[in-house]
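Colleague: Give me the fold of what follows.
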Amino acid sequence: MFFDDLPVGFTFETGTRQIPLEEMLEFAKKYDPQPFHISEEAAKDTIYGGLIGSGFQTMVVGFLLTLDANIWNEASLGSPGIDNLRWLKPVRPGDTLQVKAEVIGSEPSKSRADIGRTQVRYDTFNQDGDKVMTYTTTHILRRNLG
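Modeller: As a prediction, this is how the structure comes out:
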């Protein structure tokens with residue numbers, strides 16, 4: 001899909017992906033080695049009461065689910081960044097994540113007729129329907145003008 005195929009109000013959902021304990025630990029040890037991410041024993045004595053996944057891993061998994069949905073991939077020219085990122089609830093070992101998205105803004109480029117900017121709000125949910133993460137990003141997308 002291209003810029004013009006994604007009007008304000010367009011929604012989509014991704015497939016799901018479970019995050020096994022081993023994968024959670026491996027990611028945290030490499031990229032976010034805080035005690036509540038890498039040690040079940042140490043995590044018991046935190047405000048979380050047990051091991052939780054890194055928010056960065058939640059973001060990466062959510063992004064991969066979005067790519068797997070293949071909505072805007074063909075038109076993608078990247079993004080200038082992420083806004084309003086919030087981790088709302090801890091992700092636990094074995095949780096299954098799914099992303100729901102809505103186009104909340106759309107603007108054709110004023111200087112280049114072949115691209116536009118599409119703002120999308122992404123909400124990531126666990127298997128219980130609890131929202132665990134939310135963020136908004138602007139995608140720079142090709143237009144299908146021909």
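Colleague: name the helices or strands packed onto the top helix by length along the chain?
Modeller: Counting residues, the longest helix found in the chain (DSSP state H) is helix 55-69. Judged by 3 or more CB pairs under 8 Å, 6 or more residues apart in numbering; DSSP states H and E, helix 55-69 is in contact with strand 11-18, helix 21-31, strand 82-87, strand 96-108, strand 115-125, strand 131-142. C-beta coordinates here come from the backbone N, C-alpha and C atoms, glycine included.
Colleague: Check the offset of the first one from the chain's centre.
Modeller: Taking CA atoms, centre = their mean, to the nearest Å, one finds strand 11-18 lying 10 Å from the centre of the chain it belongs to.
Colleague: Paired strands for that strand, with orientation please.
Modeller: Partners of strand 11-18 in the sheet, by DSSP bridges, are strand 96-108 (antiparallel).
Colleague: can you give me the angle the strand it pairs with makes with strand 131-142?
Modeller: 40 degrees (axes from the mean of the first three to the mean of the last three CA atoms, to 10 degrees).
Colleague: Give me the buried positions along strand 96-108.
Modeller: Neighbour counts using 16 or more other CB atoms under 10 Å place 97-99, 101, 103, 106 of strand 96-108 among the buried residues.
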